[in-house]
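Peer 1: how would this look folded up:
(4 chains)
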Number of protein chains: 4
Amino acid sequence: MNDIDPTGAVADWWATGISRMEPGVIELRGRPVQDLIGTTGLTPMIWLMLRGDLPTARQAALLEAALVAAVDHGPQAPSIAIARMAATCGVGLNNAVASAVNTLGDAHGGAGEQCVRLLDAVLQREATGLDLRTAAERTIADWPRYLPGFGHRFHPRDPRRDPLLALVEDAVRDGVVPGRHLRAGKSLEALLAEGRDKPVPMNIDGATAIIYAELGFPAPLARGLFVLSRSIGILAHAWEETQSGQRNKGPIPRTVLPTHRP
Amino acid sequence: MNDIDPTGAVADWWATGISRMEPGVIELRGRPVQDLIGTTGLTPMIWLMLRGDLPTARQAALLEAALVAAVDHGPQAPSIAIARMAATCGVGLNNAVASAVNTLGDAHGGAGEQCVRLLDAVLQREATGLDLRTAAERTIADWPRYLPGFGHRFHPRDPRRDPLLALVEDAVRDGVVPGRHLRAGKSLEALLAEGRDKPVPMNIDGATAIIYAELGFPAPLARGLFVLSRSIGILAHAWEETQSGQRNKGPIPRTVLPTHRP
Amino acid sequence: MNDIDPTGAVADWWATGISRMEPGVIELRGRPVQDLIGTTGLTPMIWLMLRGDLPTARQAALLEAALVAAVDHGPQAPSIAIARMAATCGVGLNNAVASAVNTLGDAHGGAGEQCVRLLDAVLQREATGLDLRTAAERTIADWPRYLPGFGHRFHPRDPRRDPLLALVEDAVRDGVVPGRHLRAGKSLEALLAEGRDKPVPMNIDGATAIIYAELGFPAPLARGLFVLSRSIGILAHAWEETQSGQRNKGPIPRTVLPTHRP
Amino acid sequence: MNDIDPTGAVADWWATGISRMEPGVIELRGRPVQDLIGTTGLTPMIWLMLRGDLPTARQAALLEAALVAAVDHGPQAPSIAIARMAATCGVGLNNAVASAVNTLGDAHGGAGEQCVRLLDAVLQREATGLDLRTAAERTIADWPRYLPGFGHRFHPRDPRRDPLLALVEDAVRDGVVPGRHLRAGKSLEALLAEGRDKPVPMNIDGATAIIYAELGFPAPLARGLFVLSRSIGILAHAWEETQSGQRNKGPIPRTVLPTHRP
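Peer 2: Residues are numbered from 1 along each chain as shown, chains lettered A, B, ... in the order given. Modelled structure (predicted):
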């Protein structure tokens, strides 16, 4: 409150629990920034900023594995291609990253958020007294379209699934996380494999959704955390393309003209 | 000013000459919105919002021609490809348009802004007493890199040049615009054609820069107006792609894997 | 097809009905660009790009009125504030416009798209044999949350409603549009006024949704067209702020510090 | 190469050294992703993706300190305010982050990139045989406007300066980094303090620029790394605002109307 804000309503309009600023003072979640610099890792910092407390070392390690796993999936991912093209258009790296991150929507990485909701739905049914298998069956039957977090257009078996699930299993064993979402996810995966020539194994969105949910992150943050993770690959590709010196890179070699199909 | 803003400093922080809002009242550049609806065309509205007054019919027609000319250049333009890919990622049309518009930077349409500066530079030299040809020669000699607004990677002669310049010439003849930037642009073009097997004719950025500058828009608005124009093509392509139902469209057919070049 | 694309699959990946490009050739919806420049207005161009044909003069006038009506709602609209702040951060006008357009989501102008769906839902119920009033009542009863296109937080009565609806009524009377969505919208509005001290009149999203739907645009393009319209106000505000010379404009005067509320 | 890309030109158009994808295979900088998950921290992963090799533990720690220091500066920073407003507009967290990251331009964090160039300029002058003080003086004299990385509008002394510089000094002492950019930065800071009532101490952009440059990152990546860092605060604020349930948050309390200043 000061003379131009005597009621405090203007300051309150921007009230936040995340940061406190005064001249010479920066506190993040109640901690002076100078106490965080040099003592706190980047992944614990992400946790602190999103949740207000610091993770244990094991919680941080599990979160970090999920973040590392999803950094990149090459230029065939629309976000990566967009970052590379944008970087050739005479805009800053911040702009190239923004155009790309912007596309991490429901169909491009947003599946993690939906998968957390799917796992929650299974657990909620189970909590009504059903056995897990039946809960999973009914959830699948009611799910509107394809199941988020399972199957991959490109990988018959996503190479990130096994190491991520192994880490979750270790964490469950050691009491780091409860293991409920892991059970739900594996139950769904088992059902999707039954009686099929071609199983539909869990993909990166599914495996990271389990980790985020086990660690207590709400569904929308599965998308939010993916954004932080993929930003790394997006930046790396934008930078590589910047160094090529190309201008106005289109999606295909210049001599190929898009088909006109009236 | 009210009890939470007794000094008016908060209201003043967002002071604007463009719009005035009160409950039940919307005024744009001093005109009640209900007086504009049904009486004012879209192009005059653009002029009004950017400049504060309404154009004459001839000014509006010239501006409109420039806006129409630049709406689209097909999916080989990064902005258009980005709009189409973004539209398949499970985000809204507003997001797809944003990711694309964001890339209309210095190397992708931003040349219009630079070309206005180039034309201004020629005219400033001429104003020192040089003849136009010499002013243009010296400006070319001093320009740091390639000349914005001239030459096109794809079109030997940009099909939008002639009709746009014809409209400017008509407007000069009828006293609608002064014709100074047109003279500067044609002088540069003539110099770039001299003694070359392959001339470097004016492109869309050059022709629209002349129109915007003749109408009195400052250089940064050459980029701004291009943004409004190209947004139309961007939206059309995003919408066409949306209707395809494709998800996560990459830049090249799925079976082609990007080369790994360590 | 050429030697690097012998099957045509690469050209086909980017097939489009909107544009055809060859060196020296630009065709938009089958029309050479040079035939459009100087003959076609900006609003007819929007229609052409989105739909493939040109509107009649009366159709274009109705569309234009809707586009003009929504260009701006002042700096209290998040999109406008964002454009102004972005413009002070050392990015281009294209970037400032993109950050702003990006926020025209479900809760900020996206209501137009939802309102078209609402109107369609009323008409579909009516088509089952119900009278319009009953169809509207049941649609309201089933609608999940508040009704999109009705009521305004700020305006007791949106000043854009009456002139827009008057134009639709004229167009219905003259056979320009069928009038079905107008009837549905007015029926909803009447129901929302019954037995209330404070009616909930149609707002800009409702009035423009009626226009877009009457003209045959599908629901997602109600959002798309709003994006084109609001881009004009966004650009005007970004440009005004640019001229202020301010750097890193925050949301409130600098001396007011956001409240810390742990 | 396959039948639709017999020359390999299409695959080559998207060639990259960052990632290699095949069905069942994801390699990042030549390392199978499954070998990185659970073994590699997030900060080393950023280094790997941007540079192709892994940092030593001390290099990673120094980079991590810089990344942690810049995550947030509260809602008075335009990027943070934009993230919060965007999050209330009915778009995804990815979109809110994108609108915000997009504004980290030349005037908002981009100073880090400019500061690396400034430090390089000092060192290049010194390399011509000048003493450091003279090199710094001449660089200041020639710099077009205010010096990037020094002074802060809000903090008389940026609380992040001391802990960051202390870490660099430790790293120099232990041979982790050469210390040249640190010397240049401190030389500039000393000159800016001389004979002034009010010194202009190094700010966060300056201190992190020294770290990035000491670690061998080129100037544009100072901006890129800041984008990754600030994305964390941006996400945290977008998420906090999402939880408020507010819709269409404007920049100031609703009852305050922006001043109209024609």
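Peer 1: which parts of stretch A:63-80 are buried?
Peer 2: A:63-80 (16 or more other Cβ atoms under 10 Å in any protein chain shown). Quick note: C-beta positions are derived from backbone N, CA and C, even for glycine.
Peer 1: ends of that stretch, how far apart?
Peer 2: 23 Å (Cα to Cα, to the nearest Å).
Peer 1: do it and chain B meet?
Peer 2: Yes: shown here: stretch A:63-80 in contact with chain B (Cβ under 8 Å from any Cβ of the partner chain) through A:Gly74, A:Pro75, A:Gln76, A:Ala77, A:Pro78, A:Ser79.
Peer 1: of the residues you listed, list those near chain D.
Peer 2: Here is what survives when the residues of stretch A:63-80 next to chain B are matched to chain D using Cβ under 8 Å from any Cβ: A:Gly74, A:Pro75, A:Gln76.
Peer 1: so can I have a markdown table of these showing pLDDT?
Peer 2: Supplementary listing: those in a markdown table, determined by pLDDT from 0 to 100:
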| residue | pLDDT |
| --- | --- |
| A:Gly74 | 96 |
| A:Pro75 | 97 |
| A:Gln76 | 96 |
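Peer 1: could you list the low-pLDDT ranges of chain A?
Peer 2: Applying pLDDT under 70 to chain A flags the ranges A:1.
Peer 1: mind listing the strands in it by residue range?
Peer 2: Using DSSP state E, the strands of chain A run over A:19-22, A:25-28, A:31-32.
Peer 1: out of those strands, nearest to chain C?
Peer 2: strand A:19-22 (3.9 Å; Cβ to the nearest Cβ).
Peer 1: so what does that closest one touch, helix or strand wise?
Peer 2: Contacts defined by 3 or more Cβ pairs under 8 Å, 6 or more residues apart in numbering or on different chains; DSSP states H and E place strand A:19-22 against strand A:25-28.
Peer 1: can you pull the buried residues of the strand it packs on?
Peer 2: Applying 16+ other Cβ under 10 Å to strand A:25-28 flags A:Ile26, A:Glu27, A:Leu28 as buried.
Peer 1: out of the ones next to chain D among the residues of stretch A:63-80 next to chain B, who's nearest C:Ile232?
Peer 2: The closest of those to C:Ile232 turns out to be A:Pro75 (Cβ to Cβ; 34.9 Å).
Peer 1: show me the contacts for the closest residue to the closest one other than its chain neighbours.
Peer 2: For A:Pro75, ignoring the flanking residues on the chain, the nearest one in space by Cβ to Cβ, 6 or more residues apart in numbering or on different chains is D:Trp14 at 4.3 Å. Residues near D:Trp14 by Cβ atoms under 8 Å, 6 or more residues apart in numbering or on different chains: A:Pro75, A:Gln76, A:Ala81, A:Arg84, B:Pro251, B:Ile252, B:Pro258, B:Thr259.
Peer 1: from these, which land in helices?
Peer 2: In helices, judged by DSSP state H, the following of those are found: A:Ala81, A:Arg84.
Peer 1: returning to what we had before: out of the buried residues of strand A:25-28, who's near chain D?
Peer 2: Among those, chain D is touched by A:Ile26, A:Leu28 when using Cβ under 8 Å from any Cβ.
Peer 1: closest one of the buried residues of strand A:25-28 to B:Asp53?
Peer 2: Closest to B:Asp53, out of all of the buried residues of strand A:25-28 and judged by Cβ to Cβ, is A:Ile26, at 46.6 Å.
Peer 1: please, where are all the helices along the stretch 1-150 of chain A?
Peer 2: A:9-13, A:33-36, A:42-51, A:57-69, A:78-86, A:93-101, A:111-127, A:132-142 (DSSP state H, counting those that start in this stretch).
Peer 1: among the ones you listed, which comes closest to C:Met21?
Peer 2: helix A:78-86 (17.2 Å).
Peer 1: contacts for the closest one next, please.
Peer 2: Defining contact as Cβ under 8 Å, 6+ apart, one finds that helix A:78-86 is touched by A:72-75, A:95-97, A:99-101, A:103-104, A:108-109, A:230, A:233-235, A:237-238, A:240-241, A:249-251, B:78, B:81-82, B:85-86, B:88-89, B:99, B:102-103, B:248-251, D:14.
Peer 1: cool, and stretch A:139-150?
Peer 2: A:111-112, A:114-115, A:118, A:121-122, A:125, A:185, A:188-189, A:191-192, A:200-203, A:205-207, A:209.
Peer 1: now, of those, which are buried?
Peer 2: Counted by 16+ other Cβ under 10 Å, these give A:111-112, A:114-115, A:118, A:121-122, A:125, A:185, A:188-189, A:191-192, A:200-203, A:205-207, A:209 as buried.
Peer 1: can you lay out the strands of chain A as CSV showing distance to C:Pro44?
Peer 2: Formatted as CSV, the strands of chain A follow (distance: least, Cβ to Cβ, whole Å):
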stretch, distance to C:Pro44
strand A:19-22, 50
strand A:25-28, 54
strand A:31-32, 59
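Peer 1: for those strands, which one sits closest to D:Asp131?
Peer 2: strand A:25-28 (35.8 Å).
Peer 1: and the closest one, what does it pack onto?
Peer 2: strand A:19-22, helix A:33-36.
Peer 1: centre of the chain to it, how far?
Peer 2: 27 Å (Cα atoms, centre = their mean, to the nearest Å).
Peer 1: neighbouring strands of that strand in the sheet, and parallel or not?
Peer 2: The strands beside strand A:25-28 in its sheet (DSSP bridges) come out as strand A:19-22 (antiparallel), strand A:31-32 (antiparallel).
Peer 1: where's the residue in the stretch 101-250 of chain A that chain C sits nearest to relative to chain B, distance?
Peer 2: Scanning the stretch 101-250 of chain A for the residue nearest chain C gives A:Asn102, at 6.5 Å (criterion: Cβ to the nearest Cβ). Using Cβ to the nearest Cβ, to the nearest Å, we find A:Asn102 at a distance of 5 Å from chain B.
Peer 1: so how far is D:His237 from that residue?
Peer 2: According to Cβ to Cβ, to the nearest Å, A:Asn102 and D:His237 sit 17 Å apart.
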